[in-house]
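J.: Would you be able to build a 3D model of this:
(2 chains)
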Amino acid sequence: NAGVTQTPKFRILKIGQSMTLQCAQDMNHNYMYWYRQDPGMGLKLIYYSVGAGITDKGEVPNGYNVSRSTTEDFPLRLELAAPSQTSVYFCASRYRTLDTQYFGPGTRLTVL
Amino acid sequence: AQSVTQLGSHVSVSEGALVLLRCNYSSSVPPYLFWYVQYPNQGLQLLLKYTSAATLVKGINGFEAEFKKSETSFHLTKPSAHMSDAAEYFCAVSGEGYNKLIFGAGTRLAVHP
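T.: Numbering: from 1, shown residues only, chains lettered A, B, ... in the order given. Next up is the predicted model:
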């Protein structure tokens, strides 16, 4: 199993541009999550999904959108990128509630 | 609402010394608690978790944590620090409905010779 994979690893965006961060898992996990990590702030939940076709907002959803059309994929869309979205983004997944949550390697995004 | 407070953003210990990383939680429902570790430029890995079984939980790499309901704490300990333990450690509590995790701000552990 590849586990949780994220692409790209690094990206620089200009203000106002858009992009999609890709996340995929091959463990047949129902639950998938997107977090952002900023220095000294821990991980903040952006969006999550409890299954294909079901998504919900986390703590910091503004400026982002998600979709979950398949069990495997959970892309995160940034529209109109802003400097405040400069961060490291982590995708995670788990099979059931309270199971171990597995994290991807992260995407480092800089908005200039 | 659920929340986690990690006391001490940076902790420094000598190799061979006791490691103690503090975590206090707030939860309106019976909590499930987790410790994760993050090595530089990597994602997070699970160290251990408490899911209402034994209150003393043993994890990987010699770490353990004790759930104390009366103190709303879940502190992480290791009897003897190793240089390879240098990393950032995150405590997390299950969110209401148990569908998500709420993370603390993290504690960066430095181990010096």
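J.: How about chain A: which residue is closest to chain B?
T.: A:F103 (3.4 Å; CB to the nearest CB). C-beta: built from backbone N, CA, C; applies to glycine.
J.: can you pull the contacts of that residue?
T.: Going by CB atoms under 8 Å, 6 or more residues apart in numbering or on different chains, A:F103 touches A:V4, A:F90, A:C91, A:A92, B:G43, B:L44, B:Q45.
J.: go on, B:L109?
T.: Contacts here follow CB under 8 Å, 6+ apart; on that basis B:L109 touches B:V11, B:S12, B:V13, B:V19, B:L21, B:A81, B:D85, B:A86, B:A87, B:E88, B:Y89.
J.: what separates it from B:L21, distance-wise?
T.: From B:L109 across to B:L21, the span is 7 Å (CB to CB, to the nearest Å).
J.: Correct me if wrong: B:V4 contacts B:C23.
T.: Yes - with contact defined as CB atoms under 8 Å, B:V4 reaches B:C23; the gap is 6.3 Å.
J.: quick one: common contacting residues for those two?
T.: Common neighbours of B:V4 and B:C23 (criterion: CB under 8 Å, 6+ apart): B:C91, B:G104.
J.: State the helix or strand in which the residue nearest to A:G58 when sequence neighbours are not counted lies.
T.: Closest residue in space to A:G58, ignoring its immediate chain neighbours: A:L45 at 3.1 Å, by CB to CB, 6 or more residues apart in numbering or on different chains. Assigned by DSSP states H and E, A:L45 belongs to strand A:42-51.
J.: and the least confident of the contacts of A:F103?
T.: Across these, the bottom pLDDT score, 89, is held by B:G43.
J.: tally of neighbours for that residue?
T.: B:G43 has 21 neighbours, counted by other CB atoms under 10 Å in any protein chain shown.
J.: measure it to chain A for me?
T.: According to CB to the nearest CB, to the nearest Å, B:G43 stands 3 Å off from chain A.
J.: Which phi and psi values does that residue adopt?
T.: Per-residue torsions, B:G43: phi -80, psi -180 (degrees, to the nearest 10).
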